[in-house]
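coords please:
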Amino acid sequence: MQALQTSPSRKARKAPPAAKTEPVEVPLDQVGERIVAAGLEHNTFLLDLNRTLSVPYDWNLPAPWNLPSRLFRFPIEVSQFVNGQARRIGLMHPALRDHPFVKHAAQVLEMHIPDGGTPNRFGYSKAQLGLWWHAVDLMTEKHWKDLLATRQFTTDQDIIRAVEFALGVKQITVSTARKVMAELKQPAPADALTLLCKLHRPSEVNCEGSRSWPVNSGAGEVVERAWALILGLEAAWFKYDSSRHIGWTPLGRDRYEAGPEAVFMETASGQGAFAF
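The predicted structure is shown next:
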């Protein structure tokens, strides 16, 4: 039997020589490695996850740095190490430069920690969020005076938002809310009914058989919403449920439906009524 012959076109062709590739130099996360080496974080993965440096829990800080404010617990923002872009660190607030942990971090890192946080490529930084942290964390019956004493770490708008939030979950009393608003020079409005009617229309919520009438923010400014809760609680338009959340009362729901032009009267028996 004649052996099959392979045509020249089918002979195995030699592969072209592989192109020489130069080794790629991987950029080093110098700042992240320095932070880990200084003991300020366990590893760079946690740095990318948390994006802040936190005060160790076993530190005994002097006042006011011992207040339960997240701004004081996480005073230094850290950017991510992405696509070879150098990691950066920055203060969450300029006044945090006197924080004992900030001084310690600057010393062990042998670095100057600039103001302004570490905005990402879209311009976002947690520094703005830190203003809200400080206000809402200290807006409690125990610490509202401490908040006013350290108001340079937040803004009046954030404090008013914190009043609204704290009243919504019974963290402060109406009396405390009035004192805070007076300190911020925000007088009570003359027309409480208009503020009431700027809130969202009352709507019943049925959660697994538990019915409630939550008070939801409407179209008003934050100062109007805060005063609406204060005045609504005083007028018994709102009350707290067993979970300490604020809700509409039947009187408040009727008052809302009547609109801001209706005139409210109280009869001799103590019952509310509307004159139209």
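
quick one: low-confidence parts of the protein?
Confidence mapping of the chain against pLDDT under 70 gives the ranges 1-27, 262-276.

again, only this time at 50
Counting by pLDDT under 50, the chain has low-confidence residues at 274-276.

So which residues of it form strands?
For the chain, the strands defined by DSSP state E occupy 52-53, 76-78, 89-91, 205-207, 210-212, 238-240, 246-248, 263-266, 272-275.

quick one: contacts for T150?
By Cβ atoms under 8 Å, 6 or more residues apart in numbering, T150 lies in contact with P64, L67, S69, H134, L138. For glycine as for every other residue, the C-beta is placed from the backbone atoms N, C-alpha and C.

Show me which of those are buried.
Buried residues within the contacts of T150, counting neighbours by 16 or more other Cβ atoms under 10 Å: L67, S69, H134, L138.

Mind picking the two most distant members of those residues?
Across the buried ones among the contacts of T150, the longest distance by Cβ to Cβ is 8.6 Å; it joins L67 and H134.

Could I get the full set of helices for the stretch 151-276 of the chain?
Along the stretch 151-276 of the chain, counting by DSSP state H, counting those that start in this stretch, helices occupy 156-168, 174-183, 192-197, 222-234, 250-258.

Just put those helices in CSV and tack on mean neighbour count and distance to Q128.
Below are these laid out as CSV (neighbours: other Cβ atoms under 10 Å; distance: least, Cβ to Cβ, whole Å):
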stretch, mean neighbour count, distance to Q128
helix 156-168, 22, 10
helix 174-183, 17, 22
helix 192-197, 21, 27
helix 222-234, 22, 16
helix 250-258, 17, 34
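
how about these in JSON lines, adding distance to V108?
Formatted as JSON lines, the helices of the stretch 151-276 of the chain follow (distance: least, Cβ to Cβ, whole Å):
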{"stretch": "helix 156-168", "distance to V108": "32"}
{"stretch": "helix 174-183", "distance to V108": "39"}
{"stretch": "helix 192-197", "distance to V108": "52"}
{"stretch": "helix 222-234", "distance to V108": "41"}
{"stretch": "helix 250-258", "distance to V108": "56"}
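
closest one to D48 among those?
For the helices of the stretch 151-276 of the chain, the distance to D48 is smallest for helix 156-168, at 27.5 Å, taking Cβ to Cβ.

Distance from the chain centre to stretch 165-181, please.
19 Å (Cα atoms, centre = their mean, to the nearest Å).

Identify each buried residue in stretch 77-94, please.
Neighbour counts over stretch 77-94 (16+ other Cβ under 10 Å) mark E77, V78, S79, Q80, F81, R87, R88, I89, G90, L91, M92, H93 as buried.
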